[in-house]
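# When you get a sec, could you give me coordinates for this:
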Amino acid sequence: MKNLLLLLAVLAVGCVSSRRAATTVPTDFFGRLGALCNQTYRGKAVFPEGGKDPFAGQLLLMRVQSCSDTEIRVPFQVGENKSRTWVFTKSPQGLLLKHDHRHPDGTPDSVTMYGGYAKAGGTAYRQSFPADDYTAKLLPAAATNEWETVLSEDQKTFSYILKRGGQLRFQADFDLTQPVVQ
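Next up, the predicted model:
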């Protein structure tokens with residue numbers, strides 16, 4: 001009987017530890033991203049190669065700003081176009097990534113707030129966000145999209161990656177070693 005109680009106690013502690021570890025991973029990623037708050041970083045499109053992407057050769061900037069305990073907004077500038085913002089939201093349901101697209105006057109674009117919740121298996125350095133139902137309805141071609149955001153373990157690079165149907169479609173890497181002075 002003592003052995004059975006000891007076994008149950010060990011299993012209970014293991015389950016609590018596993019649950020705690022699973023819930024802290026997105027929080028750890030969110031915290032690492034938040035540590036970049038109030039900084040701007042220059043990036044470049046690294047895929048597709050050979051200048052085949054409309055973003056190739058353009059100035060890419062990510063501004064980590066508007067950071068709170070539950071939301072981090074990262075405006076993503078392509079050339080002179082400032083219409084895109086990545087919105088990371090921490091909630092009881094998990095870590096959510098949405099893409100907020102705005103017109104120059106600040107009104108929402110008709111194609112905005114697409115994205116999804118981070119899937120299980122992420123790490124403190126990498127999170128993957130499969131397209132949610134809202135995204136699939138808004139953009140049927142994007143129903144199989146998966147966005148990955150990666151902070152290199154050496155804290156030198158942030159990567160924004162888009163896959164569709166499991167195939168890499170776009171990747172931009174941002175240099176975290178040299179914040180842009182504005």
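# For R42, give its distance to F29.
Going from R42 to F29 by Cβ to Cβ, to the nearest Å gives 22 Å. All C-beta atoms are positioned from the backbone trio N, CA, C, and that covers glycine.
# Okay, and A172 sits in which element?
strand 167-175 (DSSP states H and E).
# Model confidence for L4, exactly?
pLDDT, L4: 35.
# do L139 as well
pLDDT, L139: 97.
# Please, which helix or strand holds the residue minimising distance to the centre of the chain?
In the chain, the residue lying closest to the centroid (Cα atoms, centre = their mean) is T149, at 4.1 Å. According to DSSP H and E, T149 maps onto strand 145-151.
# again, but for G31
helix 2-34.
# Tell me which other helices or strands the helix or strand just after that helix touches.
Counting by DSSP H and E, the element after helix 2-34 in chain order, helix or strand, is strand 39-47. In terms of contact count using 3 or more Cβ pairs under 8 Å, 6 or more residues apart in numbering; DSSP states H and E, strand 39-47 is assigned the packing partners strand 60-67, strand 157-164, strand 167-175.
# swap the cut-off to 6 Å and go again
strand 60-67, strand 167-175 (3 or more Cβ pairs under 6 Å, 6 or more residues apart in numbering; DSSP states H and E).
# which neighbours does the first one have in its sheet, and in what orientation?
So the one you mean is strand 60-67. strand 39-47 (antiparallel), strand 71-78 (antiparallel) (DSSP bridges).
# circling back: any chance you could list what contacts the strand holding A172?
With contacts defined as Cβ atoms under 6 Å, 6 or more residues apart in numbering, strand 167-175 is touched by 41-43, 45-47, 60, 62, 157-162.
# let's see it at 10 Å
Contact with strand 167-175 is made by 36, 40-49, 53-56, 60-62, 64, 74, 76, 78, 144-148, 150-152, 156-164, as judged by Cβ atoms under 10 Å, 6 or more residues apart in numbering.
# circling back to that earlier point, tell me, how many neighbours does the nearest residue to the residue nearest to the centre of the chain once chain neighbours are set aside end up with?
Of all residues not flanking T149 in the chain, Q127 sits nearest, at 5.5 Å (Cβ to Cβ, 6 or more residues apart in numbering). Residues near Q127, counting by other Cβ atoms under 10 Å, number 26.
# wait, Q127 sits on S159?
No - if you go by Cβ atoms under 10 Å, Q127 and S159 don't touch, sitting 11.3 Å apart.
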